[in-house]
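In: model the following, please.
(chains A, B, C and D)
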There are 2 protein chains.
Amino acid sequence: MDPRGARREPTMRDVAALAQVSTKTVSRVINDLPGAGAEVVERVRAAARTLGYRPNLTASSLRRSDRRSATIGVLFEDLSNPFDAALLRAVEDRARQNGVLVLAGSSEDDPGLQRELLTSLATRRVDGMVVMAVGGHQDALQQERERGTPMVLVDRPPTFGGTDSVTTTNRDSSREAVLHLAGRGHRRIAFLGDRQTLWTSQERYTGYLEGLAHTGLTLHEELVRTDLHGPDAAATAAAALFDLDEPPTAMFTAQNLVTVGAMRVLRARDLHHRVALIGFDDFPLADMLEPGVTVLRQDVPALGRRAAELIFARIAGDQSPPTHAVVPATLVQRGSGELTPPHDRPDALAHRAR
Amino acid sequence: MDPRGARREPTMRDVAALAQVSTKTVSRVINDLPGAGAEVVERVRAAARTLGYRPNLTASSLRRSDRRSATIGVLFEDLSNPFDAALLRAVEDRARQNGVLVLAGSSEDDPGLQRELLTSLATRRVDGMVVMAVGGHQDALQQERERGTPMVLVDRPPTFGGTDSVTTTNRDSSREAVLHLAGRGHRRIAFLGDRQTLWTSQERYTGYLEGLAHTGLTLHEELVRTDLHGPDAAATAAAALFDLDEPPTAMFTAQNLVTVGAMRVLRARDLHHRVALIGFDDFPLADMLEPGVTVLRQDVPALGRRAAELIFARIAGDQSPPTHAVVPATLVQRGSGELTPPHDRPDALAHRAR
DNA sequence: TCCTCCAACGTCAACGTTGACGTAACCAGC
DNA sequence: GCTGGTTACGTCAACGTTGACGTTGGAGGA
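Out: All right, here's what the predicted structure looks like:
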């Protein structure tokens, strides 16, 4: 296509030469600054057009006083996870309104990778970062923050001070889910959660406990399974639950992939119309399953928008004390969470006969 | 947190001063170039560590001869679409192996937005771009390409020459789907497709036609609905199909959101166990629906990996003729595509009685 | 008329880094 | 001793752009 190899991008100097002005004047025209006559402006614009000149933001941000790269970093756990993807999109939309582009990376919940990506972003002098912190290891984040990099944590709050965050009502919503199940008569409500190092997992578990406590239910430790990362671990754990002498009549699955794993087991054992299920995080087509899956739906666009707004405020120089925004999740009833326990149903006798 | 406001990032000069060497020597140490004695290397490393020095890639790439920013641009239609998200993740993984970060953007299938994002990327001097071209309008892409920017198109091939692409077996797989349905006895097979300006839509439609032709089926134009963007449009179109005097007994939905819209209608009319369905694009939980949804599954990780490999080869200077890689899709049978038409089933009489 | 002021330019240096090139010291070999 | 080569540095300028600060010419006022 281009036999001469990489063509040199035209620079201000080229434009200046063609328009017969100084580079400074070109700079003024390109940046719409005053100090250039109408005729010169036209001449420079024409020259830029014919040369196909496009400013070099890299050089510009190096020289400018504000040092802005018009780029922010987004560091999530896994960009292919629908939750992360939706969040990224929300941040991106808000960023675009500010003429800012997004450098995106997946930390895979790996502290080493997170640190590496963090320095990669820093090296590119991003104006700020929106980060989903890796569970338990926020040292690298704190160091970055202490260097003065504007930062907002999403989904999980900082374990250190002085940094904004946007999270969901993890605890309250989890409690609500348990109350919802208890209200349908369930006494044996299982908890299946992701890694305990994750703040969200801890919060959701605490909410579960609060829910039990509020309704006077006793905690059966054999009904609690944590540190389930991914659908397979969740499926194994769920299967074990139903091998118990007294299996649960309801489940609260505290993360979307965990919900998926649990559902597979329910289906495999034909329990999906008998055992109640509420999952944290909505997922596509949850309404089209049978029964529809009752979930706590996070307002992902709101989370992303809020995070973006916070980071841009900080970038703009906002020095106010750190904000910890909390976005409410909603209980979406679709059927699975409204199933009643066996003793309320015709087939209850068989179950109690044990 | 930092009352002094934005702290100045330490530069090579700071490190040089502390280590009592020249900046050039610092540069050598930082870049692991020869020409620095063991003792000096240690001194510089120590100075860099105590100052928390991190090189400024922006300045470096400005000055370097190769001009690499170690950043590529990824321009997809909608980063929150699971397909796009999975693709981004695959590209990102490959990029990370090369120490390259990804600037990501959503074009929303809008030519204006695509052009805008394209210049945004160019302005940041990315080393290359992986682009899902907006339907029908590739002028901006071609111009960018002609400037010499390395570029790979994914999902949709270029309408202009000299540019690599990675696509799926859209046509062949679509034909396969139709043959699969026809093989189950279906004669009235509907086609529901996305915007006709999209190359993938056209290809899938052509595959549909080929499938009909191969089995001697006649094309019923009232069974073809195109330009369905999003689930709602698809649902409306699907509903109209079932209001026909002779509704289809099978549907081929040529895009994932279209499949979702069609499924909603099937469910609403309780037809999901009667009307066969094959969708292009797999989606999460397709196996957990009843019946499971038969789909043509694209090998998204392979698509992304291939695209990344191509772009990095070009960036590295590969001058060979353009490659048009085609990654095969697989027919995944889950039930919905294996349903037989009414006259093969007990309830056929009622249907034929019309 | 002269001075002031402002608009419309230009000049210069610097942002942080590295390529090109210079130089001093040292060693091997004759 | 001198040459030639190598190693370990340093100096200088430049990448593309913009902030700080000149310079020029003409309009306007006293």
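
In: could you pull out the helices for the stretch 1-150 of chain A?
Out: Listed from the start of the chain, the stretch 1-150 of chain A has helices (DSSP state H, counting those that start in this stretch) covering A:12-19, A:23-30, A:38-51, A:57-63, A:82-97, A:111-123, A:139-146.

In: got any ranges where the stretch 251-354 of chain A has weak pLDDT?
Out: Counting by pLDDT under 70, the ranges of the stretch 251-354 of chain A that qualify are A:343-354.

In: what's the answer for the stretch 1-150 of chain A, then?
Out: A:1-7.

In: picking up where we left off before, deepest of the helices of the stretch 1-150 of chain A, which one?
Out: Each of those was assessed for mean neighbour count using mean count of other CB atoms under 10 Å in any protein chain shown. The highest is helix A:82-97, with a mean of 22. Where you see a C-beta, it was placed from the backbone N, CA and C, and this is true even at glycine.

In: got the angle between it and helix B:82-97?
Out: 80 degrees (axes from the mean of the first three to the mean of the last three CA atoms, to 10 degrees).

In: so how far is helix A:82-97 off the chain centroid?
Out: Counting by CA atoms, centre = their mean, to the nearest Å, helix A:82-97 is centred 9 Å from the centre of its parent chain.

In: any part of it near chain B?
Out: Yes: residues of helix A:82-97 are located near chain B by CB under 8 Å from any CB of the partner chain, namely A:82, A:84-86, A:88-89, A:92-93, A:96.

In: for residue A:199, what are its contacts?
Out: A:133, A:135, A:156-157 (CB atoms under 8 Å, 6 or more residues apart in numbering or on different chains).

In: right, and the pair among those residues with maximum separation?
Out: Farthest apart among the contacts of residue A:199 by CB to CB are A:135 and A:157. That separation is 12.3 Å.

In: contacting residues around the one helix or strand residue A:296 maps to?
Out: Secondary structure assigned from DSSP states H and E places residue A:296 in strand A:294-297. Defining contact as CB under 8 Å, 6+ apart, one finds that strand A:294-297 is touched by A:173-174, A:176-177, A:180, A:259, A:277-283, A:286, A:329-338.

In: could I get the buried residue list for that strand?
Out: By neighbour count with 16 or more other CB atoms under 10 Å in any protein chain shown, strand A:294-297 contains the buried residues A:294-297.

In: equivalent analysis for stretch A:242-253, please.
Out: Buried-residue list, stretch A:242-253, by 16+ other CB under 10 Å: A:242, A:247-253.

In: show me the residues you listed that map onto helices.
Out: Among the buried residues of stretch A:242-253, the members found in helices (DSSP state H) are residue A:242.

In: adding distance to chain B, write the buried residues of stretch A:242-253 out as CSV.
Out: CSV is the format used below for these (distance: CB to the nearest CB, whole Å):
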residue, distance to chain B
A:242, 17
A:247, 21
A:248, 20
A:249, 21
A:250, 19
A:251, 16
A:252, 19
A:253, 14
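
In: ok so, going back, could you export the residues of helix A:82-97 next to chain B as JSON lines, including distance to residue B:117?
Out: Listed next are these as JSON lines, based on distance: CB to CB, whole Å:
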{"residue": "A:82", "distance to residue B:117": "23"}
{"residue": "A:84", "distance to residue B:117": "21"}
{"residue": "A:85", "distance to residue B:117": "18"}
{"residue": "A:86", "distance to residue B:117": "19"}
{"residue": "A:88", "distance to residue B:117": "15"}
{"residue": "A:89", "distance to residue B:117": "14"}
{"residue": "A:92", "distance to residue B:117": "10"}
{"residue": "A:93", "distance to residue B:117": "12"}
{"residue": "A:96", "distance to residue B:117": "8"}
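
In: how about the residues of the stretch 151-300 of chain A near DNA strand D?
Out: With CB under 7 Å from any atom of the strand as the criterion, the stretch 151-300 of chain A does not meet DNA strand D at any residue.

In: single out the residue in the stretch 151-300 of chain A that lies closest to DNA strand D.
Out: The shortest separation between the stretch 151-300 of chain A and DNA strand D is 25.4 Å, found at residue A:151 (distances taken as CB to the nearest atom of the strand).

In: contacting residues for that residue?
Out: Contact analysis of residue A:151 by CB under 8 Å, 6+ apart lists A:128-131, A:141, A:144-145, A:163-164, A:311, A:314.
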